[in-house]
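Asks: just to be clear, the model below is a prediction. Sequence and coordinates:
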Amino acid sequence: MSSDPQASLLALVKGMPKAELHIHIEGSLEPELIFALAHRNGVTLPYDSVEQLRRAYAFNDLQSFLDIYYAGTSVLLTEQDFYDMTWAYLQRAHADNICHTELFFDPQSHLSRGVNFAAIVGGIDRALGDAAAEWGMTSGLIMCFLRHLSEEDAFATLEQAMPYLPAIVGIGLDSSERDHPPEKFSRVFARCRELGLRLVAHAGEEGPPAYIRDALDLLHVARIDHGVRCLEDPALVELLRARQVPLTVCPKSNVKLKVFPQMAQHNLRALLDAGLMVTINSDDPAYFGGYMNENFTEIFSALPLDRDDALRLACNSFDAAFVNDATKVGYREQLYAYFDRAGPA
Ligand SMILES: Nc1ncnc2[nH]cnc12
Ligand SMILES: [Zn+2]
């Protein structure tokens with residue numbers, strides 16, 4: 001290892017086994033693949049080149065990103081398209097030493113374009129099967145409801161998903177957070193709970209801390225996606241700490257979408273110091289300029305974080321995963337063995 005302690009820490013963080021729990025698979029669609037799929041499917045894009053598309057990735061907030069993100073999904077039509085997108089992500093995840101990943105997908109953005117459920121889930125699930133066969137990577141698929149759409153639309157989507165539930169571990173809630181409180185989806189989440197699905201929701205990314213509380217109290221979620229605004233409400237922080245509710249934090253996303261002006265101003269250190277169960281994730285890596293390891297290395301470069309923090313973050317990622325206890329123990333042993341081999345800081 002390098003004699004530079006910071007370089008050694010970054011190498012340790014990159015090489016450690018880890019789980020990713022917050023990645024929108026449609027957010028892994030790189031501009032090159034968008035153009036390749038547009039060409040294959042005869043879809044016309046409102047951009048002349050990969051470079052021009054990439055230049056459009058300058059966002060002011062969540063909505064300005066979502067407008068481009070949904071436009072990017074227009075090239076996804078066939079089972080093979082969903083396979084190719086997912087396989088490209090899984091290769092990068094494997095290179096970043098991710099051994100378990102839980103992927104969000106947004107069926108409503110595809111069903112509304114006439115793509116059928118079988119193509120969406122079939123393509124993603126086939127790629128996940130190949131990653132399991134090639135590398136022993138474990139995974140889960142989480143179906144998200146778009147919160148800017150109606151409760152009725154969410155129920156209709158759940159109905160269409162019924163034949164595919166064996167391939168789906170959980171339900172999430174994403175898209176425009178402001179003015180779309182969790183309570184709008186309390187009944188459909190209750191139904192999903194009855195069906196035995198795990199529940200998560202984006203909350204406290206741009207929306208107020210009250211949305212985090214409502215996601216817990218009204219939707220009964222097991223994890224909060226983002227949740228960084230919780231620090232504005234000390235009583236909520238105490239609740240999250242006491243229950244050890246996992247927060248799937250996405251540092252690069254938060255900077256690109258201007259939740260924090262710069263990485264050095266990110267509140268991850270404060271979240272850890274408050275005793276919260278934090279994990280690090282990539283969110284929409286193709287749009288935010290980096291996958292899992294860039295999220296780790298950039299935040300470890302910007303904030304006072306050390307070897308113990310790295311171990312804690314990786315350990316949290318396995319503890320918060322939707323896998324059985326034996327699998328968690330196995331991953332934790334792998335993690336401790338890695339840190340033992342790496343030696344002291
Ligand atoms: N960061 C994010 N927040 C809400 N919805 C999303 N969909 C994709 N990425 C998202
Ligand atoms: Zn997200």
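Replies: The structure has been received and is ready for your questions. Ligands and ions are numbered 1, 2, ... in the order given.
Asks: what's the closest non-adjacent residue to residue 252?
Replies: Nearest non-adjacent residue to residue 252, counting by CB to CB, 6 or more residues apart in numbering: residue 288, 4.5 Å away. Every C-beta, even on glycine, is put in place using the N, C-alpha and C of the backbone.
Asks: contacting residues around that neighbour?
Replies: Residue 288 sits next to 27, 250, 252-253, 255-256, 282 when contact means CB atoms under 8 Å, 6 or more residues apart in numbering.
Asks: show me the contacts for residue 131.
Replies: By CB under 8 Å, 6+ apart, the contact set of residue 131 is 87, 90, 93-94, 137, 139.
Asks: beta-bridge partners for the residue of the stretch 1-150 of the chain found nearest ligand 1, please?
Replies: Using CB to the nearest ligand atom, the single residue of the stretch 1-150 of the chain nearest to ligand 1 is residue 24, 4.1 Å away. Beta-bridge partners of residue 24, counted by DSSP bridges, are residue 104.
Asks: returning to that earlier point: are any of the contacts of residue 131 buried, and which?
Replies: 87, 90, 93, 137, 139 (16 or more other CB atoms under 10 Å).
Asks: among these, which lie within strands?
Replies: Among those, the residues falling in strands (DSSP state E) are residue 139.
Asks: next step: the buried ones among the contacts of residue 131 restricted to helices.
Replies: Of the positions in those, 87, 90, 93 sit in helices, assigned by DSSP state H.
Asks: could you dump those into JSON lines and include distance to residue 302?
Replies: Listed next are these as JSON lines, based on distance: CB to CB, whole Å:
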{"residue": "87", "distance to residue 302": "32"}
{"residue": "90", "distance to residue 302": "28"}
{"residue": "93", "distance to residue 302": "23"}
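Asks: ok, those vs residue 3, which is closest?
Replies: Each of those was checked against residue 3 using CB to CB; the closest is residue 93, at 30.4 Å.
Asks: quick one: contacts for that closest one?
Replies: Counting by CB under 8 Å, 6+ apart, residue 93 makes contact with 20, 23, 101, 131, 137, 291-292.
Asks: who wins for neighbours among the residues you listed?
Replies: residue 101 (29 neighbours; other CB atoms under 10 Å).
Asks: next, that residue: phi, psi?
Replies: Taking degrees, to the nearest 10, you get phi -140, psi 140 for the backbone angles of residue 101.
Asks: doesn't residue 141 fall inside a helix?
Replies: No - under the criterion used here (DSSP: H, G, I helix; E, B strand; the rest coil), residue 141 is strand, not part of a helix.
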